[in-house]
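Asker: Structural data only, the sequence is not supplied:
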């Protein structure tokens, strides 16, 4: 018996996340009946092959999304705001990778390894949101701990690569690096300060109270995905001079003691996690090791049992599991359970 | 009346910290009668001018430190271990910037803005130690907070530039960056993993229990300098692809509430701190802003009063205030109060 195939659209098909969604669709062999790819003027016309079907990149302006089962929106908040209603009204389920709906309780915010059950609400607006990449990674790591020991407080420093700001972010780090290595002066354009050989402790606009937009977003999304609305979280997000691959140093305070060995066992057994933890060597993951991987990689597990504290080092591919893979996994769940 | 002048020696005069000590001696106009500079074979013979005196760099092998008032040791733990007794036995006071004596209770570990009084014990071994750079910066920031609100718990992620590993660290980041930008492959040599466009969550050897040597050192030094032997501290140190200038994201839990405005007032009034805190603009310091400065720069002060938490972003010049300036300030205190 031939299994059913689905009609899928990707909006923002030439952006970092959109292009990665196409790659992940192919790698995970999502059964495609056809593929519609939409982008801005510049890249329209190019032909792309994916999972046995081929598609020409079309101008978004002409999109109607008729007879489409699943629409991935991967072109940022502005495009999502403009196109979400048209896409969901046409009948397909929309999976949005922008953070436009992260705070909307009518829109499930889903990390399949963590809160797959909340996908049941997708029909309220025919819309599902994939969370902020830092929240995706942290929720996958915290879920197995929370399952045995209640979480009391989380303190995290996240290191965001420039790819989190799209192709323009990549261009800016590349250009500034070349200019500095050639003794030329550098003016910041996209990021508020020089990023090459520097750190910029601001990801997203600064809000009243002092947190940045993206820090706020991480905290909100984490509380929603873990279903812990009162969880105490402090997150500082820092843009670092990396192209791909993100990192998070996390300190977890639990209500009950947990040894490092117990924590390692819980993490090793949890879905979506790859534990690097040969203590005899420098065997911890670095951001470059995470690039192209779907797993959230963890190393440097340290516990201070006397005070119920756990320190973890997390790396992950922000474009892939942080956004594209998570969105495709949501599609797989939709297909398995609902479509 | 002419003020007295001192005979000063610098061991490791051509290393990053040693060269910076010479620069700081000149800038702060420490009164020099003469200057003896010692280094390894490669750089011996060069002439250096500093504060009205000039000195030829000599081979350390021949050093006798006779009639020297102050000896700066700035050539790493191995050289300190070999030379500290000879230098202090010759009669001068030794100021060591390696961390060899950071755990030795007979050797005062001094940050002049924080625990100047403990310098009184310098005579026990004729030796004073300058702490680990991360502990220098954190102690200056935490001291004014501790003075009004007891500290309960500190969680910090420190971003160490490659200059923390000396000139070899600078060379490695430079070489790897050029190779990658030219499409060549890169093999790590000094650092355990590639550092260019990456993060390495290990500074110092990994110890049993999971902390690194330098993380342990930061925690120990901070407890000593703040005179809070029981203070709960979690520190993760991450090597980042920066040349100069270090950063620390710090989360402070206090026993009593403190508003962000109160915290800013305390920090603004404290010695050694420069508060960047115009909330209307992206006016926080980045590591490149700290280079060449003696102040510890602070921005992004955020408070969650409900749970007595404070988040801070700290940047500082690891070679300068982290090591060289702190050592010269110790010399100034010695001169003012004891010599």
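Answerer: Now that the structure is in, tell me what you want to look at. Computed from a predicted structure; not experimentally measured.
Asker: The helix or strand of chain A with the lowest mean pLDDT: partners in the sheet, and parallel or antiparallel?
Answerer: Using mean pLDDT, DSSP states H and E, strand A:47-50 stands out as the lowest-scoring helix or strand of chain A, at a mean of 88. Pairing partners of strand A:47-50, with direction, according to DSSP bridges: strand A:53-59 (antiparallel).
Asker: Pull out the buried residues from the partner strand.
Answerer: Neighbour-count burial for strand A:53-59, with 16 or more other C-beta atoms under 10 Å in any protein chain shown as criterion, is recorded at A:53, A:55, A:57, A:58. C-beta coordinates here come from the backbone N, C-alpha and C atoms, glycine included.
Asker: now the residues you listed as a markdown table including pLDDT?
Answerer: Formatted as a markdown table, the buried residues of strand A:53-59 follow (pLDDT from 0 to 100):
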| residue | pLDDT |
| --- | --- |
| A:53 | 89 |
| A:55 | 90 |
| A:57 | 93 |
| A:58 | 93 |
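Asker: quick one: which of those is nearest to residue B:40?
Answerer: Closest approach to residue B:40 among those (C-beta to C-beta): residue A:57, at 60.8 Å.
Asker: Please verify my assumption that that closest one contacts residue A:46.
Answerer: Yes. In this structure residue A:57 lies within contact range of residue A:46 using C-beta atoms under 8 Å: 4.8 Å.
Asker: Overlap in contacts, the two.
Answerer: residue A:14 (C-beta atoms under 8 Å, 6 or more residues apart in numbering or on different chains).
Asker: Test for you: state the pLDDT assigned to residue A:278.
Answerer: Each residue has a pLDDT score; the one for residue A:278 is 69.
Asker: who touches the residue nearest to residue A:297 when sequence neighbours are not counted in this structure?
Answerer: Nearest non-adjacent residue to residue A:297, counting by C-beta to C-beta, 6 or more residues apart in numbering or on different chains: residue A:285, 3.8 Å away. Remark: with contacts taken as C-beta under 8 Å, 6+ apart, residue A:285 is in contact with A:274, A:276, A:297, A:298, A:299, A:313, A:315.
Asker: how close does the nearest residue to residue A:150 once chain neighbours are set aside get to residue B:233?
Answerer: Nearest in space to residue A:150, with sequence neighbours left out and distances taken as C-beta to C-beta, 6+ apart, is residue A:255 at 4.3 Å. According to C-beta to C-beta, to the nearest Å, residue A:255 and residue B:233 sit 21 Å apart.
Asker: Just want to know which of the two has more residues nearby.
Answerer: Legend: neighbour count by other C-beta atoms under 10 Å in any protein chain shown for residue A:255 and residue B:233, higher for residue B:233 (21 against 11).
Asker: for that one, phi and psi?
Answerer: Comment: the main-chain dihedrals of residue B:233 come out as phi -140, psi 130, following degrees, to the nearest 10.
Asker: Also the one 4 residues further on?
Answerer: For residue B:237, the backbone dihedrals (degrees, to the nearest 10) come out as phi -110, psi 130.
Asker: mind checking the SS state of the residue of the stretch 51-200 of chain A found nearest chain B?
Answerer: Nearest residue of the stretch 51-200 of chain A to chain B, counting by C-beta to the nearest C-beta: residue A:157, 3.7 Å away. Residue A:157 falls in the strand class when you classify it by DSSP: H, G, I helix; E, B strand; the rest coil.
Asker: quick one: contacts for the residue nearest to residue A:245 when sequence neighbours are not counted?
Answerer: The shortest distance from residue A:245 to any residue other than its chain neighbours is 3.1 Å, reached at residue A:287 (C-beta to C-beta, 6+ apart). Contacts were defined as C-beta under 8 Å, 6+ apart; by that measure residue A:287 touches A:159, A:161, A:242, A:244, A:245, A:246, A:247, A:315, B:198, B:199.
Asker: Thank you, goodbye.
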